[in-house]
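>>> Next one to model:
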Amino acid sequence: MELQHYLDLCTKTELAKAKRSARLGDGDLLKALRALFVSMAEQQGIDVAQLFESRAAERRRHQQLQEVRRLAYVQRHQAKLASREIDLQRWNLWFDGSAHPNPGPCSIGAVLQAPDGSRWQLSQHLGHGSSSDAEYQALIAALKLAITYKADALTVRGDSRVILDDVVAQEAQASSLLSHWRQQARALLQQLPHCELVWIPRARNVQADQLAAQARE
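Below is the predicted model of the structure:
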């Protein structure tokens, strides 16, 4: 157990150094590790017990950091999987907007799919603005389409984190430049009480992106 305690607290470099020392001496790795830790403690002006305590605390911090990173990875992975799942029992809506150049002429695209498989599409050119203006206009037009067809349980998907974050943000954190679009989008969302907003990567928003591109042609 004492050897394992040393092995738990030493670094790979320190272990390699102790192994070399053991090979050059009597071959006792535990003895070499003890000598190494005593030497390090003396260099730091502390006793071995304090060095052990410091190393143990550092190890706990490292394990906690690793756990935080692991949980963050799991959450990102779950969110990624959730963004890929399409519940066919719900209405599903995809939207995309673009400005070329940015700022420049805005175009939007949207696809609405009903639980019975029926689909409706939008492809429009809508004036001049930034890419954020275009994305917001795409969301607004898409929500109007959903309201027209009385989509009750709806999942809205888009690849703009800026817009999806902004539309649900507290006023203090939201963009003042986009406030007029946000107000319109929120008013429409109030008419869709069972609506959820989901971010997806652009690669999974191909149809809406293509429809927006068609409007530019």
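
>>> Now do the helices in this protein.
2-9, 12-24, 29-44, 48-84, 131-148, 161-168, 179-189, 206-216 (DSSP state H).

>>> Domain map for this protein?
Following automatic domain parsing, one finds the domains of the chain at 2-83, 91-216.

>>> Out of those, which is the most enclosed?
domain 91-216 (a mean of 18; mean count of other CB atoms under 10 Å). (Each C-beta comes from the backbone N, C-alpha and C, glycine too.)

>>> ranking the helices of the chain by mean pLDDT, which is last?
Here the lowest mean pLDDT among the helices of the chain goes to helix 48-84, at a mean of 79.

>>> was I right about D152 contacting H194?
Yes. When contacts are counted by CB atoms under 8 Å, D152 is listed as touching H194 (5.8 Å).

>>> before we move on, the earlier item: in a markdown table: the helices of the chain, plus distance to W120.
Below are the helices of the chain laid out as a markdown table (distance: least, CB to CB, whole Å):
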| stretch | distance to W120 |
| --- | --- |
| helix 2-9 | 62 |
| helix 12-24 | 61 |
| helix 29-44 | 71 |
| helix 48-84 | 22 |
| helix 131-148 | 6 |
| helix 161-168 | 21 |
| helix 179-189 | 16 |
| helix 206-216 | 11 |
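
>>> Of all those, which one is nearest A99?
Smallest distance to A99 across these (CB to CB): 4.7 Å, for helix 131-148.

>>> Put the alpha carbons of the closest one into PDB.
Extracted C-alpha coordinates of helix 131-148, given in PDB (Å, rounded to 0.1, in the frame of the first residue of the first chain):
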ATOM      1  CA  SER A 131     -26.900  38.100 -42.000                       C
ATOM      2  CA  SER A 132     -28.500  38.400 -38.500                       C
ATOM      3  CA  ASP A 133     -31.300  40.500 -40.100                       C
ATOM      4  CA  ALA A 134     -31.800  37.800 -42.700                       C
ATOM      5  CA  GLU A 135     -31.800  35.000 -40.100                       C
ATOM      6  CA  TYR A 136     -34.400  36.800 -37.900                       C
ATOM      7  CA  GLN A 137     -36.600  37.500 -41.000                       C
ATOM      8  CA  ALA A 138     -36.400  33.800 -41.900                       C
ATOM      9  CA  LEU A 139     -37.400  32.800 -38.300                       C
ATOM     10  CA  ILE A 140     -40.300  35.300 -38.400                       C
ATOM     11  CA  ALA A 141     -41.600  34.100 -41.800                       C
ATOM     12  CA  ALA A 142     -41.200  30.500 -40.700                       C
ATOM     13  CA  LEU A 143     -43.300  31.100 -37.500                       C
ATOM     14  CA  LYS A 144     -46.000  32.900 -39.600                       C
ATOM     15  CA  LEU A 145     -46.100  29.800 -41.800                       C
ATOM     16  CA  ALA A 146     -46.500  27.600 -38.800                       C
ATOM     17  CA  ILE A 147     -49.300  29.800 -37.400                       C
ATOM     18  CA  THR A 148     -51.100  29.700 -40.800                       C
END
